[in-house]
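A.B. asks: here's a sequence, model it:
(chains A and B)
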Amino acid sequence: AQSVTQLGSHVSVSEGALVLLRCNYSSSVPPYLFWYVQYPNQGLQLLLKYTSAATLVKGINGFEAEFKKSETSFHLTKPSAHMSDAAEYFCAVKETNAGKSTFGDGTTLTVKP
Amino acid sequence: NAGVTQTPKFRVLKTGQSMTLLCAQDMNHEYMYWYRQDPGMGLRLIHYSVGEGTTAKGEVPDGYNVSRLKKQNFLLGLESAAPSQTSVYFCASSRQNTGELFFGEGSRLTVL
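C.D. replies: Numbers count the residues shown, from 1 in each chain, chains lettered A, B, ... in the order given. From the prediction side, this is the model:
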């Protein structure tokens, strides 16, 4: 069974600082990998996805993530945090032959002025 | 662009009451899902459907039933609500095999 681990349930950074949110997965076959963002009282929306093309994936709002097969990781980064980035972020994995995705527990990002 | 629409958005039930959450999508997606979100536990899959007329159990199916009579609709039923079912419920849909999920805005259910 696939699983997703997000290291750190809460991450706090200063405005303008680097954002790094960690995600490790376990999957027996090459997966699809996703990062979603959830703003307060809203549903989740897709930030970016990896589907076996380029290992460095660029998403919306300046975020990007790198797929590292040897480390089974898909960490999310942004060079400079904005106040508007404060939200909860979820990593998810879907095996290519499966109909469902598995989510991590989420990381709440706080951005300090 | 309606996308994925959930009704109702809020509901308060008493223990033992029943209710149905409705999810509708207008993107002609094959796959539909019901998740629940609880603090510190991420999203847990309740039931899902890979096509009209088909349903399958997810991670936490007990106490819930679903139906997918029409491709665009996915209903989640609680036959006898329990306080443990107090949660925020999210419906999502996706194209076949691409994996990207499109979410509704959520339905907040409180069971007293």
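
A.B. asks: from here on, just use CA atoms for contacts and neighbour counts.
C.D. replies: Fine.

A.B. asks: excluding chain neighbours, what is closest to B:Y48?
C.D. replies: Closest residue to B:Y48 apart from its sequence neighbours, by C-alpha to C-alpha, 6 or more residues apart in numbering or on different chains: B:Y33 at 4.2 Å.

A.B. asks: in chain B, where is pLDDT below threshold?
C.D. replies: B:1, B:97 (pLDDT under 70).

A.B. asks: can you give me the strands in it?
C.D. replies: Assigned by DSSP state E, the strands in chain B fall at B:4-7, B:10-13, B:19-25, B:31-37, B:43-49, B:56-57, B:65-67, B:73-78, B:87-94, B:102-103, B:107-111.

A.B. asks: quick one: contacts of the first one?
C.D. replies: When you say that, I think you mean strand B:4-7. B:21-26, B:90-93, B:102-107 (C-alpha atoms under 8 Å, 6 or more residues apart in numbering or on different chains).

A.B. asks: show me which of those neighbour chain A.
C.D. replies: Contacts with chain A within those, as defined by C-alpha under 8 Å from any C-alpha of the partner chain: B:F90, B:F102, B:F103, B:G104, B:E105, B:G106.

A.B. asks: mind putting the strands of chain B in TSV, distance to A:K68 and mean neighbour count included?
C.D. replies: Output for the strands of chain B, formatted as TSV (distance: least, C-alpha to C-alpha, whole Å; neighbours: other C-alpha atoms under 10 Å in any protein chain shown):
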stretch	distance to A:K68	mean neighbour count
strand B:4-7	33	20
strand B:10-13	41	14
strand B:19-25	34	20
strand B:31-37	28	25
strand B:43-49	24	24
strand B:56-57	31	14
strand B:65-67	37	20
strand B:73-78	36	20
strand B:87-94	25	25
strand B:102-103	26	24
strand B:107-111	36	19
